[in-house]
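> Turn this into a structure:
(one chain, ligands or ions: 1)
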Amino acid sequence: MPELPEVETVKETLKNKIVGLSIQKVDVYYDKMMSKATSDRLVGQQIIDMNRLGKYIIFNLTDLDFISHLRMEGRYFIKADEPILKHEHIVFHLSNGQTLRYHDTRKFGTFDVREKHETYLVPPLSKLGLEPFQMDPMDFYHRLKKSKKPIKTALLDQTIVAGIGNIYADEILFASHVHPLRRADKVTKKEATWLIERGRGILESAIEAGGTTIRTYVSSLGVTGRFQLTLMVHQRLDEQCYICGDQIRKVVVGGRSSFYCDTCQKR
Ligand SMILES: [Zn+2]
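Predicted coordinates for the structure are as follows:
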């Protein structure tokens, strides 16, 4: 699943390629993903700018904002006017003759069109918490105080803090020495500060890594936002902790596989 750094990379890549172009026609090949009424509203709109909040990509159009969430497998590709592939569900015909294609093998992606004045005032964006970049550590601490859920689950709750997914939640917890099963309301002020500050560092490094990787192969293969970052715990079950040498363990928290070091992370 794409997380904040991947979505940021996708947004930046698209921004460089499509801002200034107009949407001349929209073909929807999977009706449940976008209604005719919605796709009709996009026709004739110019793409003025692109933004992101949490894991949502926001296309700022002439009169409207178009909000896209990639969910599990959503991807964008920019192609010439060539045959449509099986998993390309929405095709935006652009004013330079190219097409922007939304590709999604799982079909979980979501789309919303909003009037500009309501974009941040109504769901889905109104429900999001701040990103770690804007979050004050003490505000975060007080938000955690209200939750009896495990801290891993709280980090994934987009209404508490936006943009953190399963991979980076594991990495941020490791960097902050906090066990994924610790109750959120038992996290100390010092740990809440670590979670936010180290979280920012991890996300920033990932954005930089994504930016460098994607520039090398994006133009013909499309925008996937996938890249490799050195992970300390995630998907490293039974491997040695880079800090203490103990084996990395796995526990399921709130239905999500969570990787951690029992020695480095306090319960
Ligand atoms: Zn360790």
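> do you know how far Ser257 is from Gly165?
Counting by Cβ to Cβ, to the nearest Å, the gap from Ser257 to Gly165 is 12 Å. Quick note: C-beta positions are derived from backbone N, CA and C, even for glycine.
> got it, and Gly255?
Per Cβ to Cβ, Gly255 is found 13 Å from Gly165.
> Just name the shakiest helix or strand of this protein by mean pLDDT.
Across the helices and strands of the chain, mean pLDDT, DSSP states H and E gives its lowest value to helix 189-221, namely a mean of 75.
> quick check: mean pLDDT across whichever helix or strand comes after that one?
Toward the C-terminal end, the helix or strand that comes next after helix 189-221 (DSSP states H and E) is strand 249-253. For strand 249-253, the mean per-residue pLDDT is 98.
> From the ion, how far off is the closest residue to Ile90 other than its chain neighbours?
Leaving aside its chain neighbours, Ile90 sits nearest to Tyr102 (4.1 Å; criterion: Cβ to Cβ, 6 or more residues apart in numbering). Distance, Tyr102 to the ion, using Cβ to the ion, to the nearest Å: 41 Å.
> likewise Thr119?
43 Å.
> My guess is that residue contacts Ile58. True?
Yes. With contact defined as Cβ atoms under 8 Å, Thr119 and Ile58 form a contacting pair (7.1 Å).
> any common contacting residues for those two?
Common neighbours of Thr119 and Ile58 (criterion: Cβ atoms under 8 Å, 6 or more residues apart in numbering): 65, 67, 125.
> quick check, nearest of those residues to the ion?
Leu125 (37.8 Å; Cβ to the ion).
> Now the closest one: closest residue in space, sequence neighbours ignored.
Going by Cβ to Cβ, 6+ apart, Leu125 has Leu53 as its nearest residue, at 5.6 Å.
> got a list of what that neighbour touches?
Applying Cβ under 8 Å, 6+ apart, the residues contacting Leu53 are 120, 125, 128, 131, 162.
> With Glu115 instead?
Residues in contact with Glu115 (Cβ under 8 Å, 6+ apart) are 63-65.
> can we see that at 10 Å?
63-65, 121-122 (Cβ atoms under 10 Å, 6 or more residues apart in numbering).
> residues shared between the contacts of Gly255 and Gly165?
The contact lists of Gly255 and Gly165 share Leu156, where a contact means Cβ under 10 Å, 6+ apart.
> If you count surrounding residues, which of those two has more?
Between Gly255 and Gly165, counting by other Cβ atoms under 10 Å, Gly165 is the more crowded of the two (20 against 7).
> Would you mind measuring from the more buried one to Ala37?
Distance from Gly165 to Ala37, by Cβ to Cβ: 31 Å.
> What of Ala162?
28 Å.
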